[in-house]
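here are the coordinates; sequence isn't available:
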DNA sequence: CGATAGTGTTTAGCATTGTCGAACGGCGGC
DNA sequence: GCCGCCGTTCGACAATGCTAAACACTATCG
């Protein structure tokens, strides 16, 4: 297997470092964090800055992410076929369910939110497109882990953080939940990630019968659940939406 | 001036090519478009794919943008100081004005939308964060061109496309509009970019008195304008918002 | 059905290219 | 004014990534 290009890998590591850590980092911090000579790090940063992937604060000289990333990231959304097909159906789901709708795909060790429909009321909500959700505790993540072998492998390897008192972290318990998810065809999240928040999600398949994403509805546990279980009509709506998107992607209905 | 890193420049060109052209491109297309040997292009693409910046369709083997760009792009939004300061004020502006609000900064040869508040009604709207607007025909663009010398230079160099019958493309006419913008402290766009759409925008300054962005309100010309001119109360609201954000950024009010 | 023209991928060798360590100019603060 | 640290530049070396040609593979077409 051929090796990858060193300078590109280092540049990518820099971008991730800038994305993960502090808002702004100095050259020396970056160089030492990646184990590079200052001049090497500087050359990469200079190029990244020239291309717009990184910006430098004129006062402090520190570096931060650049605007070009936002522009390219949005065009990624435009190119995303799954998202384009789902746009029509997710709106209806949010309207009929009265809750926020999320569309997620596997990325790295989590679920990347590629579409988010606000809960249909006038409350102030922040868009979460581009955000990541954990695999082991969210409805979207459980669906992907249950139906996508790659996601399952990532789930096993990833460390499973405890978010609330109801978060399931033991591998055996999680596997049991995934078996249930496969049997039912949907997954739930009852306050396992955020206190007071519950969710239901179902898998989306492409023409090869592969799980390529998950769609789910999320809201206050009092509205989403009844007697500790998600309301059956919500589950039905979510599964209908997932089936509609799958059909649009070319999946044959058995 | 030291030279930039070749492989990084080529990788960036590839990403821009993938963002600009067709949804998916083959290796041969990419290599010939950039004037590279196939193996060279392949090495770069292989690394970009491994880092998540590019994805490859398993069936056709073609390449498209990757999910990591979306993740990093939204992180850029989190890091963006201007956007963070503006969040509070733009909501109020949208509510009081009853129209959609945009926050833009200069990027390349245009205005990059870094924040977008939906018009406060139940209509279906698409988020335009990450999209670009032209400098010469939009209210945001005119404000930036009038108060930011860099934006002005870009405007002069850029080709000024005609979008509607009211688009101003002559350099002299534009300069006159920019003089007016500087004198008034705000800019307008009356169906110069999109038919039936008008806008008002005002500049945001930082602690060095430099224009770092623009905030504006956009809506149907019938609602935004009266007798061919933007409604005075809308202009006042937009300017108030711009002043509030500037103050939050540390700009002294004279 | 075999030939052809594509595709994306891999291999080998060369020299271009990016890396390194050290020195430079500027700034802020013990 | 000194010291320490910052980001930046310089120059030399060799590791690195580039080029060109050959490799499998699929789809197309005579």
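Now that the structure is in, tell me what you want to look at. Given the structure is predicted, the values throughout are model-derived calculations rather than measurements.

Could you report the neighbour count for residue A:210?
15 (other Cβ atoms under 10 Å in any protein chain shown). Every C-beta, even on glycine, is put in place using the N, C-alpha and C of the backbone.

Contact partners for the residue positioned nearest the centre of chain A?
Computing the C-alpha centroid of chain A and ranking residues by Cα atoms, centre = their mean puts residue A:112 first, at 1.6 Å. Residues near residue A:112 by Cβ atoms under 8 Å, 6 or more residues apart in numbering or on different chains: A:104-106, A:130-132, B:67, B:70-71.

So what pairs up with it in the strands?
Residue A:112 forms beta bridges with residue A:105, residue A:132, as assigned by DSSP bridges.

what residues are up against the closest residue to residue A:158 other than its chain neighbours?
Distance criterion Cβ to Cβ, 6 or more residues apart in numbering or on different chains; nearest residue to residue A:158, sequence neighbours excluded, is residue A:109 at 4.3 Å. If a contact means Cβ under 8 Å, 6+ apart, then residue A:109 has A:135, A:154-155, A:157-158 as its contacts.

Specify which member of those residues is nearest to residue A:231.
residue A:135 (24.8 Å; Cβ to Cβ).

Quick one: mean pLDDT over stretch A:86-101.
Model confidence over stretch A:86-101 averages 95 on the pLDDT scale.

Is it positioned near chain B?
Yes. Using Cβ under 8 Å from any Cβ of the partner chain, stretch A:86-101 comes into contact with chain B via residue A:91.

If you count neighbours, what's buried in that stretch?
For stretch A:86-101, the neighbour count (16 or more other Cβ atoms under 10 Å in any protein chain shown) marks A:86, A:89-90, A:93-94, A:97, A:99-101 as buried.

Of these, which belong to strands?
A:100-101 (DSSP state E).

Can I get the buried residues of stretch A:86-101 in a markdown table including distance to residue B:14?
A markdown table is the format used below for those (distance: Cβ to Cβ, whole Å):
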| residue | distance to residue B:14 |
| --- | --- |
| A:86 | 28 |
| A:89 | 33 |
| A:90 | 31 |
| A:93 | 36 |
| A:94 | 36 |
| A:97 | 41 |
| A:99 | 40 |
| A:100 | 36 |
| A:101 | 34 |
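
Tell me which two in the buried residues of stretch A:86-101 are the farthest apart.
Counting by Cβ to Cβ, the most remote pair of these is A:86 and A:99, 16.2 Å apart.

So which residues of chain A form helices?
A:6-20, A:27-34, A:38-51, A:67-79, A:81-97, A:139-147, A:149-157, A:171-184, A:221-224, A:232-248 (DSSP state H).

Apart from its neighbours in sequence, what residue is nearest residue A:38?
Nearest non-adjacent residue to residue A:38, counting by Cβ to Cβ, 6+ apart: residue A:31, 4.7 Å away.

ok, now how distant is the one you found from residue A:211?
Counting by Cβ to Cβ, to the nearest Å, the gap between residue A:31 and residue A:211 amounts to 41 Å.

coming back round to it: most neighbours per residue, which of the helices of chain A?
helix A:139-147 (a mean of 30; mean count of other Cβ atoms under 10 Å in any protein chain shown).

residues making contact with it?
The contact list for helix A:139-147, computed with Cβ under 8 Å, 6+ apart, reads A:102, A:104-106, A:110-111, A:133-136, A:151-152, A:154-155, A:174, A:177-179, A:181-182, A:186-189, A:199-203, A:205, A:211, A:213-216, A:218.

before we move on, back to that, okay if I get the buried residues of stretch A:86-101 as CSV plus distance to DNA strand C?
Listed next are these as CSV, based on distance: Cβ to the nearest atom of the strand, whole Å:
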residue, distance to DNA strand C
A:86, 27
A:89, 32
A:90, 32
A:93, 36
A:94, 38
A:97, 41
A:99, 41
A:100, 38
A:101, 35
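
Tell me the one of the buried residues of stretch A:86-101 nearest residue B:26?
Closest to residue B:26, out of all of the buried residues of stretch A:86-101 and judged by Cβ to Cβ, is residue A:86, at 26.4 Å.

I'd say the closest one and residue A:243 touch.
No. Judged on Cβ atoms under 8 Å, residue A:86 makes no contact with residue A:243 at a distance of 11.9 Å.

Show me the shaky parts of chain A.
Within chain A, the stretches with pLDDT under 70 are A:1-3, A:22, A:253-254.

give me that answer again for 80
Across chain A, the ranges flagged by pLDDT under 80 are A:1-3, A:21-23, A:58, A:122, A:252-254.

Enumerate the residues of the stretch 101-250 of chain A near chain B.
Within the stretch 101-250 of chain A, the positions near chain B by Cβ under 8 Å from any Cβ are A:105, A:107-108, A:112, A:114, A:120, A:122, A:124, A:127, A:129-132.

okay, now residue A:226: neighbour count?
11.

same question, residue A:56
Quick note: residue A:56 (other Cβ under 10 Å) scores 17 neighbours.

I figured it hits residue A:63, correct?
Yes. Between residue A:56 and residue A:63 there is a contact under Cβ under 8 Å: 5.5 Å.

Now do the shared contacts for these two.
Shared contacts of residue A:56 and residue A:63 (Cβ under 8 Å, 6+ apart): A:45, A:49.

ok so, going back, tell me which two in the residues of the stretch 101-250 of chain A next to chain B are the farthest apart.
Most distant of those, by Cβ to Cβ, are A:108 and A:122, 35.1 Å apart.

okay, those two: which has more neighbours?
Between residue A:108 and residue A:122, counting by other Cβ under 10 Å, residue A:108 is the more crowded of the two (15 against 11).

Spit out the contact partners of the closest residue to that one other than its chain neighbours.
Nearest non-adjacent residue to residue A:108, counting by Cβ to Cβ, 6+ apart: residue B:52, 7.0 Å away. Residue B:52 is in contact with A:107-108, B:66-68, counting by Cβ under 8 Å, 6+ apart.

In TSV: these, plus distance to residue B:16.
What follows is the contacts of residue B:52, written out as TSV (distance: Cβ to Cβ, whole Å):
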residue	distance to residue B:16
A:107	22
A:108	24
B:66	14
B:67	18
B:68	16
